[in-house]
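> The amino acid sequence is not available; the structure is as follows:
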C-alpha cells in the first residue's frame, strides 16, 4: 500500500525552538508522521521531554542547545542533523520571542534582541539548511511567522516588523530556490496558547485576563488557538501533499473578527 501524501516516513527534520509550545508540538507531530527529528533551543533542559516523546514514537531524536542568533551554532545543528540522519529534508524555523511595549519605549537593545531572534534566526536557518538542500537537490523549509507580520501589532511593533520580513524572505526564497527542488513556505499563526505568548501577556499585570478575553473576542471562532492547530498545517507543508506550493504564507488565526451586529 502506498504511503499517504501526508506521510514523512524516511524523512529527517530540524525544529528550532523545539522544546516548548508550537515548536514542541511541531516536532512531535513530525515524528508521528514518520520523521526523525533534531530539535534545538537555548536551554537543553527544555528539550529532554520532547526527545523522550519522539523516541517513544519509534523515531530518532537529537537535541542541541542553540542560540539561533549565533551563525556557528545554527550551522552546527544542521551539520549534526546531517551527521546523525544522513540528510536534511525539512527545516522548521520556529524559534521566536518578544515583549510588549509602546513603540516609543522600545530601546535599541530590545529592538535588536527581538529582530535578532525572529528575523536573523530565520535568515541563518534558511541559509544553512538551504546550503545542505541545494547539495541534495531537494528539501522543504517552513518559517513560522505571525499575523503580526501581516496586520501589525501596536504593542509589539518590533515583533511585527521582524515577522513581516520573514514573510517577504519566504516569498523571495521560494522564487530563488523553486527550480532547485527546494520549497520554502510560511505559517502565520494568530493568538495561540503557548508558554511564551501567555507569559508576555501576563507581564501586563492585573489586566492580563481582560486582555486574554479581548484577544479571543477579536477572533471569528471566539477563542485562542491550540499548539497542535499550527503543527497540523506544518505537516501539510512538510509533506508531498503541498508539492506545488512555494513562497506561500498560510494564515492560521481562527478567522477575522465578526463585524458589529454579526455573530
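It's in. Since the structure is predicted, the reported quantities are computational estimates derived from the model, not experimental observations.
> The chain: helices as residue ranges?
Using DSSP state H, the helices of the chain run over 21-32, 48-56, 71-85, 108-115, 121-136, 148-151, 157-177, 195-202, 208-217, 228-238.
> Which elements pack onto the longest one?
Of the remaining helices and strands, those touching helix 157-177 by 3 or more Cβ pairs under 8 Å, 6 or more residues apart in numbering; DSSP states H and E are helix 108-115, helix 121-136, strand 139-144, helix 148-151, strand 182-189, strand 249-252. Backbone N, C-alpha and C define where each C-beta goes, glycine included.
> just for this structure, where's the confidence low?
1-2, 200, 203-205, 258-263 (pLDDT under 70).
> For the residue minimising distance to the centre of it, give its distance to residue 160.
A centroid search over the chain (Cα atoms, centre = their mean) returns residue 94, at 2.6 Å, as the residue closest to the centre. As judged by Cβ to Cβ, to the nearest Å, residue 94 and residue 160 stand 17 Å apart.
> just the helices of the chain: most buried one?
Among those, the stretch with the highest mean neighbour count (mean count of other Cβ atoms under 10 Å) is helix 21-32, at a mean of 26.
> rewinding a little: please name whichever of the helices and strands packed on helix 157-177 is nearest to residue 85.
helix 121-136 (11.1 Å; Cβ to Cβ).
> Give me the contacts around that closest one.
14, 16, 68-69, 71, 74-75, 78, 82, 87-88, 91, 93, 95-96, 139, 141, 143, 166, 169, 173, 177, 180-182, 184 (Cβ atoms under 8 Å, 6 or more residues apart in numbering).
> if you set the cut-off to 6 Å instead, what comes out?
68-69, 71, 74-75, 78, 87-88, 91, 93, 95, 139, 141, 143, 166, 180, 182 (Cβ atoms under 6 Å, 6 or more residues apart in numbering).
> Can I have the buried ones of the residues you listed as a PyMOL selection?
Here is the PyMOL selection string for the buried members of those, based on 16 or more other Cβ atoms under 10 Å:
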select buried, resi 68+69+74+75+78+88+91+93+95+139+141+143+166+182
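> coming back round to it: can I get the helices and strands packed on helix 157-177 in TSV including distance to residue 232?
Formatted as TSV, those follow (distance: least, Cβ to Cβ, whole Å):
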stretch	distance to residue 232
helix 108-115	27
helix 121-136	21
strand 139-144	12
helix 148-151	20
strand 182-189	10
strand 249-252	9
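> For residue 235, which of these is the nearest?
Closest among the helices and strands packed on helix 157-177, using Cβ to Cβ: strand 139-144, at 9.9 Å.
> and that closest one, what does it pack onto?
strand 90-93, helix 121-136, strand 182-189, helix 228-238 (3 or more Cβ pairs under 6 Å, 6 or more residues apart in numbering; DSSP states H and E).
> Now do the domain split for this structure, please.
12-190+227-247, 194-224 (automatic domain parsing).
> related to what we said a few turns ago, will you turn the helices of the chain into JSON lines that also has distance to residue 245?
Formatted as JSON lines, these follow (distance: least, Cβ to Cβ, whole Å):
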{"stretch": "helix 21-32", "distance to residue 245": "17"}
{"stretch": "helix 48-56", "distance to residue 245": "26"}
{"stretch": "helix 71-85", "distance to residue 245": "23"}
{"stretch": "helix 108-115", "distance to residue 245": "27"}
{"stretch": "helix 121-136", "distance to residue 245": "16"}
{"stretch": "helix 148-151", "distance to residue 245": "18"}
{"stretch": "helix 157-177", "distance to residue 245": "9"}
{"stretch": "helix 195-202", "distance to residue 245": "27"}
{"stretch": "helix 208-217", "distance to residue 245": "29"}
{"stretch": "helix 228-238", "distance to residue 245": "7"}
